[in-house]
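Peer 1: Give me coordinates for this.
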Amino acid sequence: MVGRRGGTIKATGVRDRILKKIEAAANYSLASERIHRGLGNINEDLSVLEKMRSLKEVDPSLLIPEDKYISMVLSEKERELLLPFFKPNQIDAFYFGDKPAGRLLLKDRGKKETRLFENKRKIIAVDRTSWPRFAWVNAPYYMGDGVRYLDLKDIDPRYAVALLNSSLMWFWFRHFEGWRSKYLRMDPKTIQSVPLRKVTGAVEDVIIKFSNDTYNLKKARRIYLDIWRNYSEFFKGGYKRLYEVLKEDERNRSEGKTERCWTTKVHYHPGAKNPKSFRSLACEAHQKESYFTISGVNQMGERHRLLEMYFGNRKLMLHIYCALQSGNERAKSLREALENTMIPTIHNEGDRGTDYVFEAVSSDFRNFVQTERLVSYEFKPLDGKSAEVPMDIVGVEGRLLATLAVVEALVFGLYGISEAEAKEVLDSLRVDSVLKRKIISTLRQVDLNALTKGKPIDIGELYETIKEEACGHDFVLYSDPALCSLVESRVRALEARTGLHIEIARKN
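Peer 2: This is a model prediction of the structure:
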């Protein structure tokens, strides 16, 4: 292959065979006229606002931060001139943030801009990134020149993002860019060269289903943490560092005051108190028991257990777990995580205060998911229902991890990649060891022959695998009788077509 940087990329042995398989399976590429850059020359100098009498006097492409926009007194017509603007860090694989970073005044907006930025079939790709970040965005979404817009017409965008975000395409991007490159650059030449495999029928439907589920679960995770933050902020009496919480628990246990402890036991693994830095930290909670583990992920993607926390009250565990998940994306060591994680202390001392917070969080989250289910995000509705969303952040994350593994396995299968070849791809990318094991175990369930030949496949086993990841948790119940009837008819049609068995719970 010819790399855009560093000349020819030489791949030998297994990697060479994988690259040839990817290119041999490809039957679709994006045309250059379908790839566009975001807006350039955006003006962020707000001093002009102080001199104007009307927004119509401002030069085009002025960006107003969201907090400033909220405080402005504007007429309805002036508000219509301001467009929702987003930053590249709001785009993740499969997922896009829906809260604008600001408002853009684009006075000379024409049909071309409207068609591009408000197109419901567009995919947005982050240009400079460490891993593929492609998201189907079906809402008006104005961004700067740090992203690319893909205008798709003859391929379903939900199917396309499943391929583009996969480890297999990440592997291909790394070879195209050169393995020494720190970032992937999604310029038109790179995107045009992506060896996509287009299929239709049952195989496409299955991939679309799990692509949709991934988006829904990522959104559910973000909403759950947002609701928790809001209630914790409202009821908090102050903050304590997690390090302080563990020190206090240690002292209270030694004095026999166990009723004042957050945790029942804390176990440090050998080397845990070492200031060693990792590539990242991973926090994993048990689905049924009230404990979680903090591990360090090294440069090869392998996890090393550092700390385990056990709780007598699961809601106290969830409280600390949410705090850890909310502000430690950049933590590289256990010490850094313990010192930087701020635990909101609830006004009502003891377990009752935290119990009340999580009762409110669960209620609001359940209402959110039920409402979202009434909204269609699909161009071509499938004969079935969207992902069941567990009512517990731990269940949501477990199901998300399993769903990502299914998407990865389906893409490997679609390109005819064997288990040994998939391991080579994942090892070369240094994928997190937990996700890697789930991908490989799921790949063993995928009928490669059916996928590569476009035959219908039975996804019942894949669905059951995902369901196990959220065992022991409540699921969203349909409450509207008409909706129940509609969903039931679609689910039964899906069962007849795929062999998938789905139970529908009802609640008045």
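
Peer 1: where does the stretch 151-300 of the chain dip in pLDDT?
Peer 2: Using pLDDT under 70 as the threshold, the predicted model of the stretch 151-300 of the chain has low-confidence ranges 177-181, 275.

Peer 1: all strands for it, in order.
Peer 2: In chain order, the stretch 151-300 of the chain shows strands spanning 184-185, 236-241, 265-268, 280-285, 291-297, with DSSP state E, counting those that start in this stretch as the criterion.

Peer 1: Save those strands as JSON lines, and put in mean neighbour count and distance to Val203 too.
Peer 2: All C-beta spots, glycine's among them, are computed from the backbone N, C-alpha and C. Shown next, in JSON lines, are the strands of the stretch 151-300 of the chain (neighbours: other CB atoms under 10 Å; distance: least, CB to CB, whole Å):
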{"stretch": "strand 184-185", "mean neighbour count": "18", "distance to Val203": "27"}
{"stretch": "strand 236-241", "mean neighbour count": "14", "distance to Val203": "49"}
{"stretch": "strand 265-268", "mean neighbour count": "14", "distance to Val203": "46"}
{"stretch": "strand 280-285", "mean neighbour count": "20", "distance to Val203": "32"}
{"stretch": "strand 291-297", "mean neighbour count": "21", "distance to Val203": "33"}
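
Peer 1: Pretty sure Gly395 sits against Gln287.
Peer 2: Yes: counting by CB atoms under 8 Å, Gly395 does reach Gln287; the two are 6.7 Å apart.

Peer 1: and those two? which has more neighbours close in?
Peer 2: Neighbour comparison, Gly395 and Gln287: the larger count goes to Gly395, with 23 against 18 (by other CB atoms under 10 Å).

Peer 1: Look up how far Trp262 lies from the more buried one.
Peer 2: Distance from Gly395 to Trp262, counting by CB to CB, to the nearest Å: 22 Å.

Peer 1: now swap in Leu306 and tell me
Peer 2: Here the distance between Leu306 and Trp262 works out to 18 Å (CB to CB).

Peer 1: so what's the residue most central in space within the chain up against?
Peer 2: Averaging the C-alpha coordinates of the chain gives a centre point, and the residue nearest to it by CA atoms, centre = their mean is Lys218 (4.1 Å). Counting by CB atoms under 8 Å, 6 or more residues apart in numbering, Lys218 touches Asp92, Phe94, Tyr95, Leu400.

Peer 1: surely the second one meets Ser211?
Peer 2: Looking back up the chat, that one is Phe94. Yes: contact status for Phe94 versus Ser211: in contact at 6.7 Å, counting by CB under 8 Å.

Peer 1: and for the two, which residues touch both?
Peer 2: Common neighbours of Phe94 and Ser211, counting by CB under 8 Å, 6+ apart, are Val161, Ala162.

Peer 1: These two: which has the busier surroundings?
Peer 2: Relative neighbour count places Phe94 above the other of Phe94 and Ser211, with 27 against 24, counting by other CB under 10 Å.

Peer 1: Next one: that one from Ser193, what distance?
Peer 2: Phe94 sits 22 Å away from Ser193, going by CB to CB.

Peer 1: go on, Asn230?
Peer 2: According to CB to CB, Asn230 stands 45 Å off from Ser193.

Peer 1: Equivalent analysis for Asp392, please.
Peer 2: Asp392 sits at a distance of 43 Å from Ser193 (criterion: CB to CB).

Peer 1: neighbour count winner among the two?
Peer 2: Comparing Asp392 with Ser193 by other CB under 10 Å, the one with more neighbours is Asp392, at 22 against 17.

Peer 1: Tell me which stretches of the stretch 1-150 of the chain form helices.
Peer 2: 13-25, 66-71, 76-81, 111-117 (DSSP state H, counting those that start in this stretch).

Peer 1: Out of those, which gets nearest to Gly296?
Peer 2: helix 13-25 (28.2 Å; CB to CB).

Peer 1: and that closest one, what does it pack onto?
Peer 2: Helix 13-25 sits against helix 167-177, helix 419-429, with contacts defined as 3 or more CB pairs under 8 Å, 6 or more residues apart in numbering; DSSP states H and E.

Peer 1: Make CSV from those and add distance to Gly237 to it.
Peer 2: Below are these laid out as CSV (distance: least, CB to CB, whole Å):
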stretch, distance to Gly237
helix 167-177, 45
helix 419-429, 45
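
Peer 1: For His267, which of the ones you listed is the nearest?
Peer 2: Ranked by CB to CB, the member of those that lies closest to His267 is helix 419-429, at 29.9 Å.

Peer 1: helices and strands around that closest one, which ones?
Peer 2: Contacting helix 419-429 under the criterion 3+ CB pairs under 8 Å, 6+ apart are the following elements: helix 13-25, helix 167-177, helix 393-414, helix 433-443.

Peer 1: which one is Thr129 nearest to, not counting chain neighbours?
Peer 2: Nearest residue to Thr129, sequence neighbours excluded (CB to CB, 6 or more residues apart in numbering): Leu184, at 5.4 Å.

Peer 1: In contact with Arg15, which residues are there?
Peer 2: Under the criterion of CB under 8 Å, 6+ apart, the neighbours of Arg15 are His175, Glu424, Ser428.

Peer 1: let's see 7 Å
Peer 2: Contacts here follow CB atoms under 7 Å, 6 or more residues apart in numbering; on that basis Arg15 touches Glu424.

Peer 1: how much space between it and Val425?
Peer 2: Arg15 sits 8 Å away from Val425, taking CB to CB as the criterion.

Peer 1: how's this protein carved up into domains?
Peer 2: For the chain, the domain assignment from automatic domain parsing gives the residue ranges 13-197, 203-224+365-498, 234-350.

Peer 1: Poorly predicted segments of the stretch 401-508 of the chain, please.
Peer 2: Across the stretch 401-508 of the chain, residues meeting the criterion (pLDDT under 70) sit at 447-508.

Peer 1: let's see 50
Peer 2: Low-confidence regions of the stretch 401-508 of the chain, defined by pLDDT under 50, span residues 470-484, 486-487, 498, 500-502, 504-508.

Peer 1: Is Glu424 in contact with Asp16, as I believe?
Peer 2: No: with contacts defined as CB atoms under 7 Å, Glu424 does not count as touching Asp16, sitting 10.8 Å away.

Peer 1: and those two? which has more neighbours close in?
Peer 2: Remark: of Glu424 and Asp16, Glu424 carries more neighbours, 18 against 13, as counted by other CB under 10 Å.

Peer 1: which parts of stretch 297-310 are buried?
Peer 2: Of the residues in stretch 297-310, those with enough neighbours to count as buried (16 or more other CB atoms under 10 Å) are Val297, Asn298, Gly301, Glu302, Arg303, His304, Arg305, Leu306, Leu307, Glu308, Met309.

Peer 1: just curious, which of the residues you listed is nearest to Leu443?
Peer 2: Within these, proximity to Leu443 (CB to CB) peaks at Gly301, which comes in at 17.2 Å.

Peer 1: tell me the phi and psi of the nearest residue to the closest one once chain neighbours are set aside?
Peer 2: Once its chain neighbours are removed from consideration, Gly301 has its nearest residue in Arg430; the separation is 4.2 Å (CB to CB, 6+ apart). Dihedral angles of Arg430 (phi, psi; degrees, to the nearest 10) stand at phi 60, psi 50.

Peer 1: quick one, what contacts Arg430?
Peer 2: With contact taken as CB under 7 Å, 6+ apart, Arg430 is in contact with Gln299, Met300, Gly301.

Peer 1: Out of the helices of the stretch 1-150 of the chain, flag the one nearest Leu168.
Peer 2: helix 13-25 (6.7 Å).
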